[in-house]
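Peer 1: From the sequence below, what's the structure:
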Amino acid sequence: MKELQDIARLSDRFISVELVDESLFDWNVKLHQVDKDSVLWQDMKETNTEYILLNLTFPDNFPFSPPFMRVLSPRLENGYVLDGGAICMELLTPRGWSSAYTVEAVMRQFAASLVKGQGRICRKAGKSKKSFSRKEAEATFKSLVKTHEKYGWVTPPVSDG
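Peer 2: Numbers count the residues shown, from 1 in each chain. Take a look at the predicted model:
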């Protein structure tokens, strides 16, 4: 509840939140802003995309475990967004999570990751209209966590952005 109140007080309209079926454990978050110098911001302007819609599902023991977070729309490519809208970010895993993280901080980190990973709005015919699915996102996320637990989380070189 405190997280929700803190977001409502944000003066920059960076994000906004709607509860799904009035549940405090299931949020749809609208990310209204990314770096205005990025190609993703240009894509948003060109396609009249007002926000990137994400879904956050909080576990019963939040903030001691991370929420499950996925992109709902628009369909994105690159930017560490994978099949089903799963998001490849270490801080969303039990190992990378800290109970000190706020939803706002997670969303700001996600916005930065989208830009750093050169995220774009998918415009490929046929593919751009295909919806992301929760089941696919969960399976992809489990797979990427398993891979990173085995090989580690590699930070790309500075030259990659």
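Peer 1: Now stretch 82-101: buried residues?
Peer 2: Buried residues in stretch 82-101, defined by neighbour count with 16 or more other Cβ atoms under 10 Å: Leu82, Gly84, Gly85, Ala86, Ile87, Cys88, Met89, Leu91, Leu92, Thr93, Trp97, Tyr101. The C-beta positions use only the backbone N, C-alpha and C, and glycine is treated the same way.
Peer 1: what about the last one, which SS state?
Peer 2: Look at Tyr101: counting by DSSP: H, G, I helix; E, B strand; the rest coil, its state is coil.
Peer 1: Can you verify my assumption that it contacts Leu91?
Peer 2: Yes: counting by Cβ atoms under 8 Å, Leu91 is a contact partner of Tyr101 at 6.7 Å.
Peer 1: okay, and the common contacts of the two?
Peer 2: Residues touching both Tyr101 and Leu91 (Cβ atoms under 8 Å, 6 or more residues apart in numbering): Pro66.
Peer 1: what's next to the lengthiest helix in the chain, contact-wise?
Peer 2: Determined from DSSP state H, the single longest helix within the chain is helix 134-151. By Cβ under 8 Å, 6+ apart, the surrounding residues in contact with helix 134-151 are 55, 68, 70, 82-88, 90, 92-93, 95.
Peer 1: please redo it, this time with the cut-off set to 10 Å
Peer 2: The contact list for helix 134-151, computed with Cβ atoms under 10 Å, 6 or more residues apart in numbering, reads 55, 57, 68-72, 80-90, 92-96, 132-133, 153-154.
Peer 1: Please narrow those residues to those residing in helices.
Peer 2: Among the contacts of helix 134-151, none falls in helices (DSSP H).
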